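Trainee: sequence? don't have it. structure:
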């Protein structure tokens, strides 16, 4: 049997660069450390480029966690150049629009996952906002503002924070930081 390839339906070569934006070095990040704009919802195709980019900047990626609401298949191990990344998932503990990336260092990055179908202008805005040093909005909040689920003029950024991260009433800035730190610590997966 001979196989014929139809050039009209054969996919072009994949771009192997990650569309990634990270908070500048030396800046204390907010709830997000940046953003990633994958080209599809296929972790086997998308993660190698992300891991290669992060490996160079930040150290070898050893593990990721995602929310299955955005990823139809989550393989337990994903081969990337030179090593394997272990994948896990959380449904309630992790915002459905984030990916947590862990390195051997041990370090953790919480990245907004910009939906693949997002247009380039909106994606650029979301990536800049998520990586901005002044960002205090969680991933779902940023997407809600961008897609019209809320507007910055009519609601404050704290309206988009998960209730566990919202500042305590009358606690001031120090209390707010403590609430955020407690929320982040509670969401960190315990190493096996």
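Mentor: Yep, that arrived. Computed from a predicted structure; not experimentally measured.

Trainee: could you give the mean pLDDT of stretch 121-136?
Mentor: Averaged across stretch 121-136, pLDDT comes to 93.

Trainee: Same check on stretch 62-78?
Mentor: 95.

Trainee: Show me the contact partners of it.
Mentor: 41-44, 47-48, 51, 83-91, 94-104, 113, 115, 189 (Cβ atoms under 8 Å, 6 or more residues apart in numbering). The way it works is simple: take the backbone N, C-alpha and C, and place the C-beta from them, glycine included.

Trainee: Which among those residues count as buried?
Mentor: If you count burial by 16 or more other Cβ atoms under 10 Å, the buried members of the contacts of stretch 62-78 come out as 43, 47-48, 51, 85, 87, 90, 94-103, 113, 115.

Trainee: In helices, which of the residues you listed appear?
Mentor: The helices, defined by DSSP state H, take in 43, 47, 48, 51 from the buried ones among the contacts of stretch 62-78.

Trainee: returning to what we had before: out of the contacts of stretch 62-78, list just those in strands.
Mentor: Under the assignment DSSP state E, those contribute 83-89, 98-103, 113 to strands.

Trainee: Might you list the low-confidence residue ranges for this protein?
Mentor: Where the chain drops to pLDDT under 70, the residues are 1-16, 149-192.

Trainee: got the residue ranges for the strands in it?
Mentor: Ranges of strands within the chain are 20-22, 34-36, 61-66, 77-80, 83-89, 98-103, 107-113, based on DSSP E.
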